[in-house]
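J.: Sequence first, predicted model second:
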Amino acid sequence: MRLLFQLPRTNVLRHFDSVVLALANDGHDITIATPGRSNDWPLPEAVRSHPRVTCRTCPEVREDEWKDAATDFRTIVDCGHYLESPFFESEKLRDRAFRTLAQTLTGERSRHLSARCPSCGTKIVDGDFGGLRPALGEQASSRLKKLAALIEKAIPSDPGRERFLQDERPDVVLVSPLVRFGSEQADWVKSARALGIPVGFPVFSWDNLTTKGIVHVDPDCVFVWNAVQKREATEYYGIPAERVVITGAPRFDLFIALTPSVERDEYCRKFSFDRSAPIVTYLCSSEFVAGHEVAFVEKWIETIRRDDRLASCNILIRPHPRSVRQWADVDVARFSRVAVAMSRILNADQSLYDALHHSAAVVGLNTSAQIEAGILGKPVFTLLAEGFEHGQQGTLHFHYLLKEQGGFVEMARDLDEHMDHLAGALRGAVDVDGIRQAVERFIRPHGWDQPATPILAEAICNLAPARPSTVRRWFSAR
Amino acid sequence: MRLLFVLNRMAHVRHFDRAVKILADRGHEICLASQDDELDVPAVLAKHPRITSTAAARNRGDDWTAAAAMLRRTRDYIRYLHPRYASAGLLRHRAFEKMVGAVSDRAESMGPEWSELLLRMPKPEQKRIDALLAKLETAIPCDPDIEAFVAAQRPDAIVLSPMVGIGFTQADFVKSARALGIPSGLLVFSWDNLSNKGLIHEMPDRVFVWNDIQAREAVKLHKCPTDRLVVTGAPRFDEFFEMKPSTTHEDFCRMGRLDMTRPIITYLCSSKFVAAAEQTFVAQWISELRRSPDPMLSGSNLIIRPHPAGGKGWHGPDAFDLRWPRIGEKATVSRPFADERTIVMNSPMQNADAILFDTVYHSAGVVGLNTSAEIEAAIVGRPVFTIVDRNARGQEGTLHFHYLLRSQGGHVERAADFDEHRAQLSAALAGRYDRSQITAFVERFVRPRGLNVAVAPIVADAIEALAANSRQATGLHASPIPTSSH
């Protein structure tokens, strides 16, 4: 079978490289099609050197007169998404959507949409425009949705993409992450469907269906991690349930297979930790979620040091892989037994594995690495922190990991409660089975011993039609 | 040939009824398709054997009905964010209200001030949004019902008017005509139509405009390709040009109970949209004129002519009706302003109003805020004046107001205050005004092909050419055409 992965950048493949290799090893021919940006990451050696994997540069933008209009239109629709329930409280997400719109409409000349309230003169910026929505009422919402659906349906398939697909002759097209604001990948879905080629959309990450743009053109199949994402796909995007397949999250298969690379004593020595004291690891969040997190983390350390139950513990700070710069000049030497461990690796990171493995407890505001901590059965904690509300409670995915929502992350309402949680964990009061079960539901819903990679690979193969696609038939007939 | 006229209201035919009649007289089958369910053809056309009427759909009948309205009204609103409309708050608000009304059932919950929200949006972004909306317009398919209607009529050409009202759906007829290979043309209804209504959402194959100003508007404001423009002049005034007074000055004064030894100044009221509280302004205007040191002006007869669409509420309890000599039309007269030499006089006529003709003809000067009758006054050769009324938001806040101003090549003398206005009127009463400027304006604005060249035949020729070109080009509609069922 010929399978085509269309990705906006090569780094997206990191969440599916195991799937690509599994499919290639099974004898399928894989094309990784990206627009070929000069600053793209190189693909992993195993993928790049596989004889059945080919990389091709594909069109990035439409070649017809819909080039700007389709993007502008979809970006506007994406903004509208954040004016709807359940996103009323998601100010940060709404702001980002409107900021993206400003950048799109101005060709990056402006980063914000702004105006003055004609009534009171208050400045209205980005997501504030959402405040107008209630004035329009419910009827407006449904009318606009209907309008958007009609227009999207009327946007034609891009001839450039069609030519590329006709040339490639894939049996199945896979697109991810698809839900970027103003997604140009919607045009890949459209063109593939126009040619009768089945399209699958493997969801990139746990937050993707609640923090980005919408699915503008329905693929034939959406491959989701778990039941939560299935509900998101059906409820928020209106994808028919029968088109959603739960596969689990293949991105963690490699991580789960890792083993510690270093013994605890050596690990402690490396960071000048007290090997007799437990390690508490703080996982920083992305800049979008937490902005500048350093001051908060320093305050958190000071609070721990003032608490007799926790004062002696070792503390490891793991900056977010994409936000290491804010930690570059931070000196934690004034705190004893505190270290910063930087890593830019985004997937299956051995240093993260080691850090979590040797930790007695893990803390984070709202970050994917909390899932990795859960995989290792570690107690994971979060606390509602002032100034970070919009990146925490203001997102939907934050709630999915919480214990009270069936997850494994224990949430504290303030620092005092959080210290109690940590103290309990260091005493050994940890429900490892409970954590595992919650993680299993989230990333391996078919069973802990069922890696997601082969499940997704099989689901992709199942998407191929019994008969060859129109394109294949056409080529065969030549 | 068979020609289909699609009119938002049957009454709209009044601005080109002569052209329609000429076409019918030349042997063409004319069908007047009205979107207001009015099937009674106006009297001047009613008896013609080759003119029929039918009802055209008010709106689309498919899934796109609401969607098309939302897109088009949004685009109509966006046009008023352009800096050229910076002071056109009234137009912007009207467009905003219609847009919100299309999107929501709560139009009334958003105050007029909200129409100013996006006013400072930079031009490049406005342009981009307009380009987006224009592109989305191309995504709107033909409406099957409208297409079936147009196909059933089997016209050689379709002519539309006014097309540009915000919320009008005639763009869908153009779309369908184009899909069927039938040429289409827009007859611009009036002098303000291209600058203070909505956009031409689907550009017809021809746009018949009055003059070079409208030609420029069509290109600049509506992105009409220049090769689709035909400058014809304004057919609606042909009859007015031919008019002669039905009354002598003495008869006229006697009928209006005016002092025939004193000059007459006529005040032409504007539409409610232009001047919402004009009665208050008129009362002030009367008293300001009475304070003039010029006895000729302070003692002049004043006639107030309410706007044809808003005559009610002007007359006092002493109102009486007159039958106008020779034409037999009714006029109503009263003296509601407690001023013995001021009367209110109006007639129900909307076009080629002989009573308006006589009123202007017997006047030494004419005043108005912003109204079409100022053009008729110029045709009669009378000096026309305007004075800025800050409460009339449809005056300086519209583009078309400026087209008539003398400073812009027009014929209307603008005054910033009553002192200036009184001085201008005194000069006019003394016969000091530029007659050649008035004539030049009329020629340029109303009859650009020559002051003595009637426009209706030019319009008829242009419509014939539109239809004939299509026949030659496509060979369509050459089969025998059934007679109208209406």
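T.: Thanks, I have the structure now. Numbering: from 1, shown residues only, chains lettered A, B, ... in the order given.
J.: For the residue of the stretch 151-300 of chain A found nearest chain B, which residues are in contact?
T.: For the stretch 151-300 of chain A, the residue positioned closest to chain B under C-beta to the nearest C-beta is residue A:154, at a distance of 3.5 Å. The C-beta positions use only the backbone N, C-alpha and C, and glycine is treated the same way. By C-beta atoms under 8 Å, 6 or more residues apart in numbering or on different chains, the contact list for residue A:154 reads B:139-141.
J.: same question, residue A:229
T.: A:203, A:206, A:209, A:246.
J.: quick check, it in a helix?
T.: Yes - using DSSP: H, G, I helix; E, B strand; the rest coil, the assignment for residue A:229 is a helix.
J.: any idea of the pLDDT on it?
T.: Note on residue A:229: pLDDT of 98.
J.: which bits of chain B sit near chain A?
T.: Applying C-beta under 8 Å from any C-beta of the partner chain, one finds that chain B approaches chain A through B:63-64, B:66-67, B:70-71, B:100, B:103-106, B:109-111, B:113-118, B:120-122, B:124-125, B:128-129, B:131-132, B:135-136, B:139-141.
J.: Any of those residues buried? List them.
T.: B:64, B:66-67, B:70-71, B:100, B:103-104, B:106, B:110, B:114-118, B:121, B:125, B:128-129, B:132, B:135-136, B:139-141 (16 or more other C-beta atoms under 10 Å in any protein chain shown).
J.: With pLDDT, secondary structure and distance to residue A:240 as added columns, please give the contacts of residue A:154 in TSV.
T.: Formatted as TSV, these follow (pLDDT from 0 to 100; DSSP: H, G, I helix; E, B strand; the rest coil; distance: C-beta to C-beta, whole Å):
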residue	pLDDT	secondary structure	distance to residue A:240
B:139	95	helix	24
B:140	96	coil	27
B:141	97	coil	25
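J.: Could you report the neighbour count for residue B:47?
T.: If you count neighbours by other C-beta atoms under 10 Å in any protein chain shown, residue B:47 ends up with 8.
J.: ditto for residue B:313
T.: Neighbour count of residue B:313, defined by other C-beta under 10 Å: 8.
J.: what's the spacing between it and residue A:81?
T.: Distance of residue B:313 to residue A:81, computed by C-beta to C-beta, to the nearest Å: 50 Å.
J.: same thing with residue A:271?
T.: Plainly put, residue A:271 is 44 Å away from residue A:81 if you go by C-beta to C-beta.
J.: what do you get for residue A:431?
T.: Distance from residue A:431 to residue A:81, by C-beta to C-beta: 37 Å.
J.: Neighbour count: these two, which is higher?
T.: In this view residue A:431 and residue A:81 are compared by other C-beta under 10 Å, and residue A:81 has more residues nearby, 22 against 14.
J.: Please verify my assumption that the more buried one contacts residue A:215.
T.: No - assessed by C-beta atoms under 8 Å, residue A:81 is found out of contact with residue A:215, at 10.2 Å.
J.: Work out for me the element the spatially most central residue of chain B sits within.
T.: Centroid-nearest residue in chain B, with C-alpha atoms, centre = their mean: residue B:190, separated by 3.1 Å. Per DSSP states H and E: residue B:190 is located in neither a helix nor a strand.
J.: How confident is the prediction for it, by pLDDT?
T.: 97.
J.: So in chain B, where's the weakest helix or strand by average pLDDT?
T.: Here the helix or strand of chain B ranked lowest by mean pLDDT, DSSP states H and E is helix B:456-474, holding a mean of 86.
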